[in-house]
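A.B. asks: A predicted structure for the sequence below; I have some questions about it.
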Amino acid sequence: MTNIRNLVTAMDYHKDRTVRPFIMITLNNWKDFDDFVYLSLQASSLNYCAYLVIFSKNVDKDLMDVCENPKANYFHLTFNVKMLIYCEKKNNHKVNEWYALRDNETIVAEYATWSHDFKLLTSNGMPLFARRNSSKGLHFKVATVGTDAVQDHFKDILAIVAKIGDFRMDFSFEKSCGAYTWTGIMKKLANNDVDVGLGGFGVTDRRMKIIDFSMPFDVSPAYYYVREPSNRNLQWSTYYEPFERRSGCFLIFLIASTMVFVASTMLYYDKKLRKTVPHRGNAFIVFSGCFTDVMAIICKMPLINFTNISSIRIAYVSLHVLMFVISSAYSAILMSRITIFKPNLPFSSIDEFLADGTHKLSTVKDSSYFEEFTTSTNPKVQVLRNVMLSEDELPTNPSDAVKQICSGKRVVLYLDDYTVRREVSKYDCKLVGFERGNRINVAFAFPKHSPYVKLFNHG
């Protein structure tokens, strides 16, 4: 038991702790009431504790009227304060809860009934933010970045929460999310100039020291993106790729063996070929004639002087069938390689990107992506920071980041997959993610210790 004014130190002790003490305060007169008002002004916030405030039966009529029907926000309450009020008078068993949406108004809601055996019988048993699921038309000041497709998506999510929570939104626009407390939306949040920050805020440990976040409403992996070359870069070697080394060597061996077999057979039957082979005994003429016949078969051309030697006919027919099968398979493989085109990327990993040296790294300035490179102690990430564009060259929003790489600038873009897919549809280019980075948790941002964070989480 202690004096009301002595509670300030105890309350601030629990500011950043998970355990919340329960404090019961009895008000017997106006002095006690004024002491509690003083306490609410001196403590950094009443939200770190739970309270039961009893206006005793000894208070005068005016103070009892304040208990039953408060005309102002005497105790500087907020939306998420946990405070029960009991007005001790005859035949009154109701226990109300007090909270506030505005500085000059206290909302009174019936919470429970105090039974004769000193038990609290709750009216509906609902949790705190199920009971306080409406902000009663309160206007929230929302700061956002630009009006691109991604921001419109975030606004759609916010509009759903606003409909559930019954609040209105007044938008203001900034150039960027901002770097910590001195630029952009971060500055406005740190100074309590706005109620909500809407900019695809990635949740990071460093930011959480300055502002609060709702539960993430989007989790998307980030990738390193490079622009896919517009030309297909087909080389002459592409036409030879369907043949593996072994199959190509076997085919050459088969054709050569067929030519040798046919030429040897023709020379053997030289006497029978006097009419078709004008220079008898000339092996070169025989081999050149065989070469012409075999190439004609490969090119699917008709043979003009087809021999009547059965063994050669069998060889030629067999070669015809074999070349038909081989050409069909070759055509199928070649068409699949051309149709299912694998882009000729300048690199396919971070190590190759660093070794290449022709591109710079880009990301959104002052974003959580940018923070990964400026705060990390990982040696590889620090090397990537050295090849990043200067801060003056970095884009300030996702739309400009995608526009930068699609305009032909030799950069590798580090951004989350969802944003890239939404933004790249505006431009005639295709981006290929060649290596995966960290997962990005996207959430609404609030001033530190904002009373409305749990309202958004509940919505």
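C.D. replies: Good, I have the coordinates.

A.B. asks: measure Ser367 to Cys249 for me?
C.D. replies: 55 Å (C-beta to C-beta, to the nearest Å). Yep, even glycine has a C-beta here, placed from its N, CA and C like the rest.

A.B. asks: Between those two, which has more neighbouring residues?
C.D. replies: Just comparing Ser367 and Cys249: by other C-beta atoms under 10 Å the higher neighbour count belongs to Ser367, 29 against 11.

A.B. asks: In space, what's closest to that one - neighbours in sequence excluded?
C.D. replies: Take Ser367 and drop its neighbours on the chain: the residue closest to it by C-beta to C-beta, 6 or more residues apart in numbering is Cys177, 5.9 Å away.

A.B. asks: Quick one: neighbours of that neighbour, just the number.
C.D. replies: Residues near Cys177, counting by other C-beta under 10 Å, number 29.

A.B. asks: Surely it forms part of a strand?
C.D. replies: No. Per DSSP: H, G, I helix; E, B strand; the rest coil, Cys177 lies outside any strand segment and is coil.

A.B. asks: I'd guessed it sits against Gly199; true?
C.D. replies: Yes. Counting by C-beta atoms under 8 Å, Cys177 touches Gly199, with 4.4 Å between them.

A.B. asks: shared neighbours, these two?
C.D. replies: Val145, Ile185 (C-beta atoms under 8 Å, 6 or more residues apart in numbering).

A.B. asks: What separation do you get for the residue nearest to Ser367 and Thr396?
C.D. replies: 9 Å.

A.B. asks: okay, and the common contacts of those two?
C.D. replies: Val145, Val364, Asp366.

A.B. asks: Show the average pLDDT along the top helix by length along the chain.
C.D. replies: For the chain, the longest helix by residue count, based on DSSP state H, is helix 310-339. For helix 310-339, mean pLDDT is 73.

A.B. asks: got it, and stretch 379-387?
C.D. replies: Stretch 379-387 comes out at a mean pLDDT of 90.

A.B. asks: Can you mark which positions in it are buried?
C.D. replies: By 16 or more other C-beta atoms under 10 Å, the buried positions in stretch 379-387 come out as Leu384.

A.B. asks: ok, back up a step: give me the buried positions along the longest helix of the chain.
C.D. replies: Buried, per 16+ other C-beta under 10 Å, within helix 310-339: Ile312, Ala315, Tyr316, Leu319, Leu322, Met323, Ile326, Tyr330.

A.B. asks: Closest one of the residues you listed to Phe22?
C.D. replies: Tyr330 (82.2 Å; C-beta to C-beta).

A.B. asks: ok, the closest one to Cys249 distance?
C.D. replies: In terms of C-beta to C-beta, Tyr330 sits 15 Å off from Cys249.

A.B. asks: just Val161 next, same as before
C.D. replies: 68 Å.

A.B. asks: sorry, back to before: restricted to strands, list the shared contacts of Cys177 and Thr396.
C.D. replies: Val145 (DSSP state E).

A.B. asks: ok, the shared contacts of Cys177 and Thr396 vs Arg207, which is closest?
C.D. replies: Relative to Arg207, and with distances defined as C-beta to C-beta, the nearest of the shared contacts of Cys177 and Thr396 is Asp366, at 10.8 Å.

A.B. asks: tell me the contacts of Gly165?
C.D. replies: If you count contacts by C-beta under 8 Å, 6+ apart, Gly165 has them with Asn133, Ser134, Ser135, Leu455, Phe456, Gly459.

A.B. asks: Spatially, which two of these are the most separated?
C.D. replies: Ser134 and Phe456 (13.3 Å).

A.B. asks: List the buried residues of stretch 408-425.
C.D. replies: Val411, Val412, Leu413, Tyr414, Leu415, Asp416, Tyr418, Thr419, Val420, Arg422, Glu423, Val424.

A.B. asks: just curious, which of the residues you listed is nearest to Lys155?
C.D. replies: Arg422 (13.2 Å).

A.B. asks: ok so, going back, quick one: which of the buried residues of stretch 408-425 sit in helices?
C.D. replies: Judged by DSSP H, helices contain the following of these: Tyr418, Thr419, Val420, Arg422, Glu423.

A.B. asks: Rebuild those as TSV, extending it with distance to Tyr86 and pLDDT.
C.D. replies: TSV is the format used below for these (distance: C-beta to C-beta, whole Å; pLDDT from 0 to 100):
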residue	distance to Tyr86	pLDDT
Tyr418	50	81
Thr419	52	83
Val420	57	88
Arg422	53	81
Glu423	56	83
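
A.B. asks: quick one: strands adjacent to the longest strand along the chain?
C.D. replies: When the chain is parsed with DSSP E, its longest strand is strand 431-447. Sheet pairing of strand 431-447 (DSSP bridges) gives strand 196-202 (antiparallel), strand 211-213 (antiparallel), strand 218-227 (antiparallel).

A.B. asks: Please name whichever of those strands is nearest to Leu41.
C.D. replies: Using C-beta to C-beta, those put strand 211-213 closest to Leu41, at 22.6 Å.

A.B. asks: Give the rounded mean pLDDT of that closest one.
C.D. replies: On average, strand 211-213 scores 90.

A.B. asks: cool, stretch 159-170 as well?
C.D. replies: Stretch 159-170 comes out at a mean pLDDT of 86.

A.B. asks: just the CA coordinates of that stretch, formatted as CSV?
C.D. replies: C-alpha atoms of stretch 159-170 as CSV (Å, rounded to 0.1, in the frame of the first residue of the first chain):
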residue,chain,number,x,y,z
ALA,A,159,-9.5,0.4,-46.3
ILE,A,160,-10.7,-3.1,-45.1
VAL,A,161,-9.2,-2.5,-41.7
ALA,A,162,-10.9,1.0,-41.6
LYS,A,163,-14.2,-0.5,-42.5
ILE,A,164,-14.0,-3.0,-39.7
GLY,A,165,-12.6,-0.5,-37.2
ASP,A,166,-15.0,2.3,-38.2
PHE,A,167,-12.4,5.0,-38.7
ARG,A,168,-11.6,7.6,-41.4
MET,A,169,-8.3,8.3,-43.1
ASP,A,170,-6.7,11.6,-44.0
